[in-house]
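[1] take this sequence and fold it.
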Amino acid sequence: MEPAKEEESSVQDEAVDKSNFKNCNHIAFYRRQKLLLPGKSLYQALLDSVTLCNDSVKLQIINEKNKVPLLVEIYAIDGNIFRLKINEVSPLKSRYEVPDVLIKEPTTQRLSIAQKEAGILVLTCANEDCKIHITANPFQIELESKGETVLSVNTNGLLYFEHLQPPPQNSKTTAQKKEDASIDSSQENQEDLGLWQEEFGSFLDIKANGPSSIGLDFSLHGCEHVYGIPEHAETLLLKNTSDDDAYRLFNLDVYGHKIHDKMGIYGSVPFLLAHKPNRTSGIFWLNSSETLVEINTKAVMEHVPSRSPPDITKQRVVPQTDVRWMSESGIIDVFLLMGPTPFDIFKQYAQLTGTQALPPLFSLGYHQCRWNYEDEQDVKTVDTAFDEHDIPYDVIWLDIEHTEGKRYFTWDKKKFQHPKRMQELLKRKKRKLVVIIDPHIKVDPMYALYSQAKKKGYFVKNRKGQDFEGICWPGSSSYLDFTNPEVREWYADQFAFKSYKGSTDILFVWNDMNEPSVFKGAELTMQRDAVHHGNWEHREVHNLYGFYQQMVTAEGLIKRSGGQKRPFVLTRSFFAGSQKYGAVWTGDNVAEWSYLKISIPMLLTISIAGISFCGADVGGFIGDPEPELLVRWYQAGAYQPFFRGHANIESKRREPWLFGDENTQIIREAIRERYTLLPYLYSLFYRAHTTAEPVMRPLWVEFPKEQETFGVEDEYMLGNALLVHPVIEQEATTVNVLLPGSDEVWYDFRRFRRLDYPGTLKIPVTLESIPVFQRGGSVVPLKTTVGRSTEWMTDISYELRVALDSKDFAVGELYLDDGHSFQYLHKKQFLHRKFTFHKNVFSSSCADEIGQYHTKCVVERVLILGVQKQPTSVTVSLQDKRDGKDKEVVFTYDAKTSMLTLEKLLLNVGADWEIHIK
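    Residues are numbered from 1 along each chain as shown. Presented below is the predicted three-dimensional model:
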């Protein structure tokens, strides 16, 4: 590490050469594992060692060459999930097992032995129609559901497990000598294999525990479409990998990352989904060290038993995808999710790692950010300009320059002299403030946060036991050890109003640079041989670092409110389970069309990996977008879960009104459209929170049998009702839109035109808007008008947009609560309504009787799309009507669009009522 510099770092420190990052061939454990070629596994199962426990089946396997035994544990988990753990029987010391990601120890079912003979063990579990076939030699596992092999383990014999050994100078056991004999142990080769130390550029990684990598392969039968394992700037559909081009899961700060590159960027979720028309399955590889994933889809011959004559078997060619996982350290701990539907997979994964936190309503509004708003006057000017231009927004953001010399939890004494007054002005406007709080702490004994943490020993250590120091924005910095529960408790207390001077209850938080980013470090991150709580090396926990910072930040904000208010925390770095703590964004993108285009598959991938609250910086963080690109990005962002405009310190100012009247008008319309859509969006987030359904979803999730949807990544579903096709090409005059489903009916969301012939349509587009379609059979709740921010809109009336399917049916819902507290959870203060159109009756009923929230808000207008003929009368009847009479409803009918409009209804949104159309 270079000596610490006192001066602060600049954006140039981040604008790095891609050669600062490793490719696969630079990674020693990958090179070692690649020496093991597909073929017969070196491992065989010792079936005599099988023991049945209450929660699992345990057996030993042994490596033919080195004779080191491993313990295999197989669990059947409620809900059609299997867990496979492989560890050393008696390791030299404990191996790292990922804590805090699973929401609880999963509930298991008892497994029983159905067959045990001739080198085969067959296990069954009580509640599911599943069997586990274990072959002894070579060791393999097959998971079967209803007679169909879904997934097999170690099919290609790539199970790899480096057992812990004493350092080379110590005396060796016979087993170790045998193992070494299988690898050329010349000094030169040892260095090449990076067993005890590994070089990259001028950096040396000392491995105190020696080589400890693990790997395993899986075969997904009948599957040629696989998804997931974010985060990469790559296609939605995962590609076949070549020998030096695996998907890398290793959280890194890659400024202006390349597109169509499998290198690791800011977040890692080691969760892969496989889909074929009749089944979705998943693999969740619970490991927080660096992980590489290889994918190979191929055609294989499958035997099909024939009934006549009985001895003849037919063969057919079927697809199969082989997935090989390789991790630097830890144990093999993998969950196999059996689906069978996409929504079953989402539920199963959430059962393990948790659902998306229900966001406060304001955070679904528009966020205005840049690095940096200069001072309090700048904040006030921007805030006022939104009102002057009649553009709604909810949150203004402050980047690193708002602090005293990049000391987090402080304010620049000249530029932000009165932070409370500034927040008070925002609060009066019913708006919020988000400030940045990064994990690096400036080395400065006069900085209270640093001196406290130093005194308590709360920083990550280097391998010599001193505080690890690296360069980041403040210059020389130390890094809090968030893996330590004591550090987390202390850090959460820093958000208390008495600790965080100048903060108020409208201040929320953004965690950046938490991969962690270390300028001038190996790959711009922390040394892998740095040491965390429990004496674990950084290599073990690397991908968890940002997960922990977001976790404790959210806890700090909840604690600050006495447990009353929901937090909002945006993080750049994330892991499996980060959905429980807030939102993520795709990091330092560029103001170019290609980055707008790739943002869609990136967000879809993050969404199906459990993190619904995600977005990309509108306009591109780096550079200056041309007006057309900025407009198109606003239009896309308005229909994505997290909606924030952001720009680099070196980018020109780009508030929505700076690009001429015409563009201002179009951007205004896009943002206002977002605000009218909030009831639908908020209801989708409630579903994500309660049933783990992604807010933004690939088409195949809604149309799992429609093969033409499996690779579509330029359009997506927002919930189950809206299909969105952003315009991602410059000067586009038409776009090709796939409207899937042969029996589906679709409607233009703005012009209400019915499209009865699904398939790929060429749709004309102008700069004014992007194509959005409502699916027949759905009801979308909207607000009839917008306010200056979400809080101004509480009492604004609703419009219900009803789109009839081919059977003249539609159903939808609305979820409502106070938008900011936990009372929906603790005091049942929520309202969940169901809307149904059936046999010419449109009704509102209670979807969840437990909810007790009361509102004065009314449904003012109902639009029903697809009504084939003009009604003669429309009446409404209330369940609790006092006068016993049905009321006539004012209606208009447009024969051209087959749309029936019902006006001036004033029906309480919490009441039961029926509208009869005759």
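
[2] quick one: residues in contact with the strand or helix carrying Gln377.
    In the assignment (DSSP states H and E), Gln377 maps to helix 376-388. Applying Cβ atoms under 8 Å, 6 or more residues apart in numbering, the external contacts of helix 376-388 come out as 368, 373, 392-393, 396, 398, 415-419, 421-422, 425-426, 429, 431, 655, 657, 788. In this view, the C-beta of every residue, glycine as well, is placed from N, C-alpha and C.

[3] take these and keep only those in helices.
    419, 421-422, 425-426 (DSSP state H).

[4] quick one, which of those residues are buried?
    Among the ones in helices among the contacts of helix 376-388, those classed as buried by 16 or more other Cβ atoms under 10 Å are 419, 422, 425-426.

[5] in a markdown table: the residues you listed, plus distance to Trp913 and pLDDT.
    Written out in a markdown table, the entries for these read as follows (distance: Cβ to Cβ, whole Å; pLDDT from 0 to 100):
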| residue | distance to Trp913 | pLDDT |
| --- | --- | --- |
| Pro419 | 48 | 98 |
| Met422 | 46 | 98 |
| Leu425 | 42 | 98 |
| Leu426 | 39 | 98 |
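
[6] and of those residues, the nearest to Ile259?
    Each of those was checked against Ile259 using Cβ to Cβ; the closest is Leu426, at 36.6 Å.

[7] how about the closest residue to the closest one other than its chain neighbours, secondary structure?
    Distances taken as Cβ to Cβ, 6 or more residues apart in numbering put Leu433 closest to Leu426, at 5.8 Å, once the chain neighbours are dropped. When states are read from DSSP: H, G, I helix; E, B strand; the rest coil, the local structure at Leu433 comes out as strand.

[8] per-residue confidence at Leu433?
    On pLDDT, Leu433 comes in at 98.

[9] cool, the one 3 residues further on as well?
    The predicted local confidence for Ile436 comes out at a pLDDT of 98.

[10] distance of it from Asn514?
    Applying Cβ to Cβ, to the nearest Å, the value for Ile436 to Asn514 is 11 Å.

[11] before we move on, what about Ile391?
    Here the distance between Ile391 and Asn514 works out to 31 Å (Cβ to Cβ).

[12] go on, Thr766?
    Taking Cβ to Cβ, one finds Thr766 at 41 Å from Asn514.

[13] who has more neighbours out of these two?
    For Thr766 against Asn514, the residue with the higher neighbour count under other Cβ atoms under 10 Å is Asn514, and the figures read 26 against 10.

[14] which non-adjacent residue is nearest the more buried one?
    The spatial neighbour of Asn514 that comes closest, neighbours along the chain excluded (Cβ to Cβ, 6+ apart), is Gly546 at 3.8 Å.

[15] neighbours around the one you found, how many?
    Per other Cβ under 10 Å, the neighbour tally for Gly546 reads 29.

[16] so the helix holding Gln377 versus helix 419-428, what angle?
    Between the axis of helix 376-388 and that of helix 419-428 there is an angle of 10 degrees, by axes from the mean of the first three to the mean of the last three Cα atoms, to 10 degrees.

[17] contacting residues for Cys472?
    By Cβ under 8 Å, 6+ apart, the residues touching Cys472 are 9, 438, 440, 513, 517-519.

[18] out of these, who's the most crowded?
    Compared across these, Ser517 has the highest neighbour count, 31 neighbours, by other Cβ under 10 Å.

[19] run through the residues that contact that residue.
    With contact set as Cβ under 8 Å, 6+ apart, Ser517 has these partners: 14, 253, 440, 472, 524-525.

[20] same deal with Leu699?
    Contacts for Leu699 (Cβ under 8 Å, 6+ apart) come out as 706, 709, 712, 715-717, 723, 738, 740.

[21] hmm, 6 Å instead?
    Applying Cβ atoms under 6 Å, 6 or more residues apart in numbering, one finds that Leu699 lies in contact with 709, 712, 740.

[22] in strands, which of those fall?
    In strands, judged by DSSP state E, none of those are found.

[23] using a markdown table, lay out those together with pLDDT, distance to Tyr686 and neighbour count.
    Written out in a markdown table, the entries for those read as follows (pLDDT from 0 to 100; distance: Cβ to Cβ, whole Å; neighbours: other Cβ atoms under 10 Å):
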| residue | pLDDT | distance to Tyr686 | neighbour count |
| --- | --- | --- | --- |
| Thr709 | 98 | 26 | 19 |
| Val712 | 98 | 27 | 22 |
| Pro740 | 97 | 26 | 22 |
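
[24] of the residues you listed, which is the nearest to Val487?
    Distance from Val487 was checked for each of the contacts of Leu699 by Cβ to Cβ. The minimum falls on Val712, at 44.6 Å.

[25] measure the spatially most central residue of the chain to Gln550 for me?
    In the chain, the residue lying closest to the centroid (Cα atoms, centre = their mean) is Ile611, at 2.7 Å. The gap separating Ile611 from Gln550 is 11 Å, by Cβ to Cβ.

[26] what comes into contact with the one helix or strand Ile915 maps to?
    With elements taken from DSSP H and E, the one containing Ile915 is strand 913-917. Under the criterion Cβ under 6 Å, 6+ apart, residues 840-844, 871, 874-878, 907 lie in contact with strand 913-917.

[27] for the closest residue to Lys239 other than its chain neighbours, give me its contacts.
    Using Cβ to Cβ, 6+ apart and skipping residues adjacent in sequence, the residue nearest Lys239 is Ile295, 7.0 Å away. Taking Cβ under 6 Å, 6+ apart as the contact definition, Ile295 lies against 238, 240-241, 323.

[28] what's the most distant pair in the residues you listed?
    The most widely separated members of those are Asn240 and Val323, with 10.8 Å between them, by Cβ to Cβ.

[29] so for the two, which residue has more residues nearby?
    For Asn240 versus Val323, neighbours defined as other Cβ under 10 Å are more numerous around Val323 (25 against 14).

[30] quickly list what that one is bridged to.
    The residues listed as beta-bridge partners of Val323 by DSSP bridges are Phe218, Ile295.

[31] any idea how far it lies from Phe218?
    Computed with Cβ to Cβ, the distance linking Val323 and Phe218 is 5 Å.

[32] over to Pro419?
    Taking Cβ to Cβ as the measure, Pro419 falls 52 Å from Phe218.

[33] likewise for Ser327?
    Using Cβ to Cβ, one obtains 14 Å as the distance from Ser327 to Phe218.

[34] of these two, which one has the most company?
    For Ser327 versus Phe218, neighbours defined as other Cβ under 10 Å are more numerous around Ser327 (29 against 26).

[35] residues contacting that one?
    When the contact criterion is Cβ under 6 Å, 6+ apart, the partners of Ser327 are 214, 287, 289, 291.

[36] go with 10 Å
    For Ser327, the set of contacting residues under the criterion of Cβ atoms under 10 Å, 6 or more residues apart in numbering consists of 29, 33, 160, 212-216, 249, 270, 285-293, 539-540, 543.

[37] out of these, which are inside helices?
    Counting by DSSP H, the part of the contacts of Ser327 found in helices is 29, 33, 539-540.

[38] what's the weakest-modelled helix or strand in the chain?
    helix 174-181 (a mean of 45; mean pLDDT, DSSP states H and E).
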